[in-house]
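Q: I need the structure of the sequence given here:
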Amino acid sequence: MVKLGLLITNRHRLLSVAAILDVFESVNSFYERANQPPFFHITLFSPDPEPVEFYGAYSMQPISQFIKQDLVLVPAFGAGDVQLSIMSNQSCIPWLWEQYKSGAELASFCTGAFLFAAAGLLNGKHATTHIDAAETLASNFPEIIMKSDAVVTEDKGIFTSGGATSSFHLMLYLIQRLCGKDLTLRTAKMFAIDMDREQQTYFGTFAPPQNHGDGLVNMAQRKIEKEYQEGSTIEVLIQDIPASRRNVVRRFKQAIGVTPIEYLQRTRIEAAKRLLAQTDQSVLEVMLNSGYNDLKSFRQLFKKSTGVTPKEYRDKFNIARLETGARWNRPMSGAAYLD
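A: Model (predicted):
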């Protein structure tokens, strides 16, 4: 029996905890149906010295009373200030280190990786998190080997996952290591999880900061965002900014985390993604309306940025096509489950 500890962090995402419990309880139920004992002994832990919260049939144990685990899971944090989430869970850091040093494997889901990072557990290790939080994690914890497009990472007994449904892929990964492939497939079928996802890049959204306090950089941002469709080079776009190119690049990188050239490319790719998802424009039209003029180059840049081709992206995310698919798959009578 594997001792599985679920750390109920302060400011955790409730849906993340519910998903973790649902999956591992379901695995236990498979064993019980085969007249075998549950594979996982699940214990919930709390940083509160006198926890009173309950999750279903589970009461919580305080981390102040150390109980060694084989596997420790850390759920995603809820929306909001991740720095505040880290600060409110400082007492968990020594406990995580003690579990790790005692031989436990540790796994975080989505933004739960920030707690591992703050503890120094990810220094020199590969890690991932929600695609939209990856740059923040990398910039705040530069000693991490960031794999922002990865769905799951494993490095020296520490596992991380990307955002949202990527959490299920990490759970399946852990189940396969511990329980074998057959039971993993049963679990995947039960939860309707697509097991062949290899990257999460196409879920990302470029949302650069605007409130960094550097007026010159804001001026450059507005210029790029207003004129990206014209196909101009970055030199042309920032030529009217009252500073040398070298100074603009330096301040831009410091304030935004990317260079002006990268900012222009990502702005154009984000525009292309919107057009592919929201219009019926051809790939050629999308290319031209995004500021590109070479189809081969556009396809290469798009795939490098998102992990899929423009056509594959449209097939996944085009609103009109998804709505059409929902209509065709709607039941003939009864509730419209896919609406």
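
Q: domains of the protein?
A: The record's domain parsing of the chain by automatic domain parsing lists 2-203, 215-321.

Q: okay, those domains, which one's buried deepest?
A: Stretch with highest mean neighbour count among the domains of the chain: domain 2-203 (a mean of 18; mean count of other Cβ atoms under 10 Å). Using the backbone N, CA and C atoms, a C-beta is placed for each residue, glycine as well.

Q: what pLDDT, on average, does that domain get?
A: Averaged over domain 2-203, pLDDT sits at 91.

Q: Now the residue sitting nearest the centre point of the chain: closest residue in space that isn't a chain neighbour?
A: Central residue of the chain (Cα atoms, centre = their mean): residue 130, 1.6 Å from the mean position. Nearest non-adjacent residue to residue 130, counting by Cβ to Cβ, 6 or more residues apart in numbering: residue 163, 3.1 Å away.

Q: need the contact list for that neighbour.
A: 76, 110-111, 129-133, 200, 203 (Cβ atoms under 8 Å, 6 or more residues apart in numbering).

Q: Please apply the same query to residue 64.
A: By Cβ under 8 Å, 6+ apart, the contact list for residue 64 reads residue 49.

Q: Could you grab the helix/strand/coil label for it?
A: Under DSSP: H, G, I helix; E, B strand; the rest coil, the three-state class of residue 64 is coil.

Q: any idea how far residue 8 is from residue 178?
A: In this view, residue 178 and residue 8 are 22 Å apart by Cβ to Cβ, to the nearest Å.

Q: Distance check, residue 93 against residue 305.
A: Using Cβ to Cβ, residue 93 is found at 35 Å from residue 305.

Q: With residue 166 instead?
A: With distances taken as Cβ to Cβ, residue 166 is found 18 Å from residue 305.

Q: And for residue 113?
A: From residue 113 across to residue 305, the span is 22 Å (Cβ to Cβ).

Q: now residue 186
A: From residue 186 to residue 305 the distance is 36 Å (Cβ to Cβ).

Q: One more: residue 238?
A: In this view, residue 238 and residue 305 are 21 Å apart by Cβ to Cβ.

Q: Which stretches in the stretch 151-300 of the chain count as strands?
A: Assigned by DSSP state E, counting those that start in this stretch, the strands in the stretch 151-300 of the chain fall at 152-155, 158-161.

Q: can you list these in JSON lines and add distance to residue 172?
A: Formatted as JSON lines, these follow (distance: least, Cβ to Cβ, whole Å):
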{"stretch": "strand 152-155", "distance to residue 172": "9"}
{"stretch": "strand 158-161", "distance to residue 172": "10"}
